[in-house]
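Visitor: What shape does this take:
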Amino acid sequence: MNAEYQQLIANINQWDHEYHVLDKSIISDEVYDHAFQKLLAIEAEHPEWLRADSPSQRVGGKPIDDFQKIEHKVRMLSLANSFSLEETFSFFEKAANELDRPTATLDIFSEPKLDGLAISIRYENGLFVYAATRGDGQVGEDVSHNIKTIRSIPLTLASEQPPEVLEVRGEVFMPKAAFIKLNELALQNNSKTFVNPRNAAAGTIRQMNPKIAAERDLQFIPYSIGDYQGEQVFALHSDIINYLADLGFRKNPDCRAITGDFAEFTADFQRMEQLRDSLPMEIDGIVYKLDSLALQNALGFIARSPKWAVARKFPAQQVTTQLLDVDFQVGRTGALTPVARLTPVFVGGVTVSNATLHNMDEIERLGLCIGDSVEIQRAGDVIPKLVRVVQPGEQRQAIIMPEFCPVCAAPVLRISGQAAYRCTGGLSCAAQAAERINHYASRKFMNIMNLGSKLIEVLHEQGVLTTIADIYRLKADDIAQLEGQGEKSAQNVLDSIEASKKTKLATFLGALGIPEIGEESAKSLANYFKTYPALAAASEEQLMQVPDIGPVMAKNIVAFFADDKNCQIVDAIIAAGVNWPDEQSAPIQAQTLAGQTWVLTGTLQMPRAEAKAILEGLGAKVAGSVSKKTTCVLAGEDAGSKLAKAQELGVKVIDEAGFLAEFC
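Guide: Sure thing, here's the model as predicted:
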């Protein structure tokens, strides 16, 4: 391998580290660009020399087809939240009592809570292997193709003796300046803007095409490690943060050590609250952790969060502005949501000009009229929310729910006992179409993998997809002629559509998007009625005989199938070949576990989805957490807090071998 090539890699990686990690610029752009072009030229001439840590690997390769699942070797936990100084102090008082020592003697590590996306990056012998999202804490998604484009993440650890295995946990975020630039570019291109930097970062990481991620200035700051196999021994959490900085990662300059003293918590929180708006990135609180790893291990965990760390959330930021008007948006299920149009105002790092009003009951509760001066806040620092009327306007106008859908002109009705008003246009309402198609094609339901939300949006805007039945009328030319698509992409979509035709009745019912009917209620309906015609013809009284189906659900189902347009669309889908087994003629499985609640935990040899399906087929409900109402816990290898909780409550526990012997 050429020495010049290796030196170029070393130089460019060092320059990237200086610029993106240490915020230093030691060379001109001209020198950097010249070196990078020379690197690309050498790799083009000698592709066999290409190294995994070459800077060229950051610019974005080919798009991927789908996200692969990755099981975390060490669980990625979430944190308990506190919303006041008293709650925060009380959290550590409990920890101190359990450790049998005064709270003031605890050494605590304070670090800003970055508002981004949690990621775990695995290195083996110093080389980047993969990066995964948090997911459910046990299984995440492989997003290596995008994470590798982030220049503050080393592809090779800066160590002559790197650990055999190191999983670095941290936050991917988009700096405020990059977020503003991204949205300005979106406006120029007449594209949708992002609501906030966190959504922008999360949306970028979940792109299939790494070239998009490479064009956006994402950053990464670590906050802990997961799986670790190495010679380095750590006594303190702060030791880990310093060690990661030595390996080439960014270190947050606003981390600091404090003690568990009430006054120190107060001073530290006030310090970060004052710094918040001047920081280059969004933060939504402070994470406080016991610095001693020995004390962390002594305390352990409860449910999905540690007993030695808590996130102190910032209070929502509030400002005053004027309500200019109210529009009504039609959602996927036909619900009309009033949206406040406001005099634009800056709050919590973004300019807000709209805020949800939820429903007419909320408007009445607030005593709200057009023209009023109002106080708004970013609820949870994300969704703008109108809090109260500060001063009534001089010429107030009442807010009135329209009688007809603002999109399809179908009558708007309010079902007794519900807060929402709904368009009765159903599957034929254009405002509901794109969202309904997205819902129908989603992984949870018909699982049309290559028909993504952006493609659906474009096809809907062009009038190709107006109802869910149009999915099965798509032709290759409809897709291939679109920008960024082609014959292969078009065929992939058509193949996914064809594969979706073989499904289950419960899956199909859930995909239709009937108001209030989700995954579990769709299963109950399918198990009870067995066939589609029987369900479509059912009365409210018959529907209410189904477990978990109440009067509101029953009314919604009857109303859905009473609409001829809905029935025509469903008939068209079935005529296109969508089918499921004839469940009426299939042997009916005895509901031997009816009324029972089961919980799955640990690593099972059989797929979790299969174990869940077996239990649900026998009538059991599968829950995500253990409680006194839990009937039994199926525990695989390395079962953690759920198993401990079951043992504490005296809940029956069965291993996989016993489960297979009894139920399979």
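
Visitor: okay, CA-based contacts and neighbour counts for the rest of this
Guide: Noted.

Visitor: in a strand, that's where H439 is, yeah?
Guide: No: counting by DSSP: H, G, I helix; E, B strand; the rest coil, one finds H439 to be helix, located in no strand.

Visitor: Does it touch I448 like I think?
Guide: No: here H439 does not reach I448: they are 10.4 Å apart, not a contact under C-alpha atoms under 8 Å.

Visitor: per-residue pLDDT, the nearest residue to V339 once chain neighbours are set aside?
Guide: Leaving aside its chain neighbours, V339 sits nearest to T356 (4.7 Å; criterion: C-alpha to C-alpha, 6 or more residues apart in numbering). pLDDT for T356: 84.

Visitor: For T356, which residues are in contact?
Guide: Listed by C-alpha atoms under 8 Å, 6 or more residues apart in numbering, the contact partners of T356 are 337-340, 384-386.

Visitor: Cross those against strands and list the overlap.
Guide: Using DSSP state E, the members of the contacts of T356 that fall in strands are 337-340, 384-386.

Visitor: Closest one to N190 out of those residues, please.
Guide: Ranked by distance to N190 (C-alpha to C-alpha), the ones in strands among the contacts of T356 are led by V339 at 21.7 Å.

Visitor: The closest one: neighbour count?
Guide: Neighbours of V339 under the rule other C-alpha atoms under 10 Å: 17.

Visitor: out of the contacts of T356, which one sits closest to I121?
Guide: Checking the contacts of T356 against I121 with C-alpha to C-alpha, the nearest one is P384 at 33.0 Å.

Visitor: Give me the distance between the residue nearest to that closest one when sequence neighbours are not counted and P175.
Guide: Leaving aside its sequence neighbours, P384 sits nearest to R378 (C-alpha to C-alpha, 6+ apart; 4.2 Å). Distance, R378 to P175, using C-alpha to C-alpha, to the nearest Å: 19 Å.

Visitor: Which one's more surrounded, those two?
Guide: Between R378 and P175, R378 has the larger neighbour count (other C-alpha under 10 Å), namely 22 against 19.

Visitor: ok, now which ones touch that one?
Guide: Counted by C-alpha under 8 Å, 6+ apart, R378 has contacts 316-318, 347-348, 384-385.

Visitor: which two from the residues you listed end up farthest apart in space?
Guide: Comparing all pairs in the contacts of R378 by C-alpha to C-alpha, the longest separation belongs to G348 and K385, at 12.1 Å.

Visitor: what helix or strand is V319 on?
Guide: V319 belongs to strand 318-330 when assigned by DSSP states H and E.

Visitor: hey, C-alpha coordinates of that strand in PDB?
Guide: Only the C-alpha atoms of strand 318-330 are listed here, as PDB (Å, rounded to 0.1, in the frame of the first residue of the first chain):
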ATOM      1  CA  GLN A 318     -43.500  30.500  27.400                       C
ATOM      2  CA  VAL A 319     -44.100  33.700  25.400                       C
ATOM      3  CA  THR A 320     -47.000  36.000  24.500                       C
ATOM      4  CA  THR A 321     -48.400  36.500  21.000                       C
ATOM      5  CA  GLN A 322     -51.700  37.100  19.200                       C
ATOM      6  CA  LEU A 323     -54.100  34.600  17.800                       C
ATOM      7  CA  LEU A 324     -54.700  35.700  14.100                       C
ATOM      8  CA  ASP A 325     -57.000  32.900  12.900                       C
ATOM      9  CA  VAL A 326     -57.900  29.300  13.300                       C
ATOM     10  CA  ASP A 327     -57.700  26.700  10.500                       C
ATOM     11  CA  PHE A 328     -59.100  23.100  10.700                       C
ATOM     12  CA  GLN A 329     -56.900  20.300   9.500                       C
ATOM     13  CA  VAL A 330     -58.300  16.900   8.600                       C
END
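
Visitor: Which strands or helices does it pack on?
Guide: Applying 3 or more C-alpha pairs under 8 Å, 6 or more residues apart in numbering; DSSP states H and E, one finds that strand 318-330 contacts strand 336-347, strand 373-379.

Visitor: Tell me which of those lies nearest to L482.
Guide: Ranking the helices and strands packed on strand 318-330 by proximity to L482 (C-alpha to C-alpha) places strand 336-347 first, at 32.0 Å.

Visitor: Would you mark the buried spots in whatever helix or strand comes next after that closest one?
Guide: Using DSSP H and E, the helix or strand that directly follows strand 336-347 along the chain is strand 350-356. Within strand 350-356, the residues scored as buried using 16 or more other C-alpha atoms under 10 Å are 350, 352-356.

Visitor: Now flag whichever of these is closest to L244.
Guide: V350 (31.9 Å).

Visitor: Any regions of the stretch 251-400 of the chain where pLDDT drops low?
Guide: Low-confidence segments of the stretch 251-400 of the chain (pLDDT under 70): 303, 348-350, 379-383.

Visitor: Any figure for the gap between G484 and V139?
Guide: Relative to V139, G484 is positioned 31 Å away (C-alpha to C-alpha).

Visitor: which of the two has more neighbours?
Guide: More crowded of G484 and V139, by other C-alpha under 10 Å: V139, with 17 against 8.

Visitor: Give me the local confidence score for that one.
Guide: For V139, the model assigns a pLDDT of 87.

Visitor: Identify the residues contacting it.
Guide: Applying C-alpha under 8 Å, 6+ apart to V139 gives the contacts 69-72.

Visitor: between those, which has the most around it?
Guide: Result: H72 is most packed of these (other C-alpha under 10 Å), 22 neighbours.

Visitor: wait, isn't that one in contact with G135?
Guide: No: with contact defined as C-alpha under 8 Å, H72 and G135 do not form a contacting pair (9.5 Å).

Visitor: from what I can see G126 touches P154, true?
Guide: No: contact criterion C-alpha under 8 Å: G126 and P154 do not qualify, at 9.5 Å.
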